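S.K.: Here is a sequence together with a model predicted from it:
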Amino acid sequence: MWQSDKFRGSRGSVDWTYPPTVGRSDRYGRTRLIWEIVLVLLISVGQSAIYSVVSFVRAATRAPISQQQTQLNPSRSAEPLWDAVYQSLDIFFSLTLVALAVFLLWEPANNALRRIGLDFRRFGSDVVRGLLLVVLIGAPGIGVYAVGRAIGQSITVVPAPLDSSWWVIALLILAALRAGLTEEVIFLGYLFDRLRRLGWSWMSIILATALLRGSYHLYQGWPSALGNVVMGLVFGWCYKRWGRVMPLVVAHTVIDIVAFVGYPLAAAWWPGIFAPPATT
């Protein structure tokens, strides 16, 4: 039979069912599931985490971290139209990884989108919860980056310019949605399901996914990575309590929209903290 966890939400007791744990005697099932997790991670967030760690090690062995920079949503072509085409294709193919994770979660008579809470049944409350998380996580996140820059331990993050073409802001919003869906669906919706099947405890899953999320952002410097670990712990707890990934997607998307679109304004207003270092 299927197991269930009951927890208390804002609307009372919620029954969150999940597939049964794969027994230790089912060696084939466990081995197949482990390989599935490894392969999904190696083509998605795990691959990005490895590149991020390598990027940080490379940065740490070169010039001082405070003098280095990395770019968010870098241009793919010097020609604006083709840059938009390449950016759109990049977003599309990234979202296919999200679709793959949902496809693997899908089972007969068991809608995966409903099970992980990636639907619009409670969209109003999901948005409210997401915006509350933006206040709880977003503002401190900016502070962590500012402190990291002040102590010389955060790599300068260079945003995409807002004035290159009229469609840039639309693409940046789509890129923010891509990041929210990719990280929250795979870190929370997919990995929580799969690791529970392997018999992991909730605390182990929350901690492991939070650490993976932190390594995923290590290319920005260890303060940002630490901040994302904390974000992962909060988001993991919220997902365990609410059983819905949608409010976390909303929160993540809004935070990234502020970062992608608002960062150039912050760099103009407070160049000492947010602007990239001058090149000689």
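M.R.: Great, that's in hand.

S.K.: Could the C-alpha coordinates of stretch 125-138 be exported in CSV?
M.R.: Extracted as CSV, the C-alpha positions of stretch 125-138 are listed here (Å, rounded to 0.1, in the frame of the first residue of the first chain):
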residue,chain,number,x,y,z
SER,A,125,-2.4,30.8,-1.6
ASP,A,126,0.7,29.6,-3.5
VAL,A,127,1.4,33.2,-4.7
VAL,A,128,0.9,34.6,-1.1
ARG,A,129,3.2,32.0,0.3
GLY,A,130,5.7,32.6,-2.5
LEU,A,131,5.8,36.3,-1.9
LEU,A,132,6.2,35.8,1.8
LEU,A,133,9.3,33.7,1.0
VAL,A,134,10.6,36.4,-1.2
VAL,A,135,10.6,38.8,1.8
LEU,A,136,12.1,36.1,4.0
ILE,A,137,14.8,34.9,1.6
GLY,A,138,15.2,37.6,-1.1
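
S.K.: contacts for that stretch?
M.R.: Stretch 125-138 is touched from outside by 10-11, 117, 231, 234-235, 238, 242, 244, 246-251, 254-255, 258, with contacts defined as C-beta atoms under 8 Å, 6 or more residues apart in numbering. Backbone N, C-alpha and C define where each C-beta goes, glycine included.

S.K.: let's see 6 Å
M.R.: 231, 246-247, 250-251, 254-255 (C-beta atoms under 6 Å, 6 or more residues apart in numbering).

S.K.: out of the residues you listed, who has the most neighbours?
M.R.: Ala251 (28 neighbours; other C-beta atoms under 10 Å).

S.K.: Any chance of a markdown table for the contacts of stretch 125-138, columns pLDDT, distance to Ser224 and secondary structure?
M.R.: Below are the contacts of stretch 125-138 laid out as a markdown table (pLDDT from 0 to 100; distance: C-beta to C-beta, whole Å; DSSP: H, G, I helix; E, B strand; the rest coil):
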| residue | pLDDT | distance to Ser224 | secondary structure |
| --- | --- | --- | --- |
| Met231 | 94 | 10 | helix |
| Met246 | 97 | 25 | helix |
| Pro247 | 97 | 23 | helix |
| Val250 | 97 | 21 | helix |
| Ala251 | 96 | 17 | helix |
| Val254 | 94 | 18 | helix |
| Ile255 | 91 | 13 | helix |
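
S.K.: Pull the most distant pair out of the residues you listed.
M.R.: Met231 and Met246 (16.9 Å; C-beta to C-beta).

S.K.: Show the low-confidence segments of the stretch 101-250 of the chain, by residue range.
M.R.: Scanning the stretch 101-250 of the chain for pLDDT under 70 picks out the ranges 159-166.

S.K.: any chance you could map the strands in it?
M.R.: For the stretch 101-250 of the chain, the strands defined by DSSP state E, counting those that start in this stretch cover 156-158.

S.K.: ok, which stretches of it are helices?
M.R.: Using DSSP state H, counting those that start in this stretch, the helices of the stretch 101-250 of the chain run over 112-116, 123-133, 139-150, 168-184, 191-197, 202-216, 222-242, 246-257.

S.K.: so can I have TSV of those showing distance to Ser52?
M.R.: Shown next, in TSV, are these (distance: least, C-beta to C-beta, whole Å):
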stretch	distance to Ser52
helix 112-116	25
helix 123-133	23
helix 139-150	15
helix 168-184	13
helix 191-197	17
helix 202-216	6
helix 222-242	8
helix 246-257	16
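
S.K.: wait, which of those is closest to Ala59?
M.R.: helix 222-242 (10.6 Å).

S.K.: Next, the buried residues of the closest one.
M.R.: Using 16 or more other C-beta atoms under 10 Å as the test for burial, helix 222-242 gives 222-236, 238-240, 242.

S.K.: by how many degrees do it and helix 246-257 diverge?
M.R.: Orientation check (axes from the mean of the first three to the mean of the last three C-alpha atoms, to 10 degrees): helix 222-242 against helix 246-257 gives 160 degrees.

S.K.: now for helix 222-242, which elements pack on it?
M.R.: Packing partners of helix 222-242 (3 or more C-beta pairs under 6 Å, 6 or more residues apart in numbering; DSSP states H and E): helix 139-150, helix 202-216.
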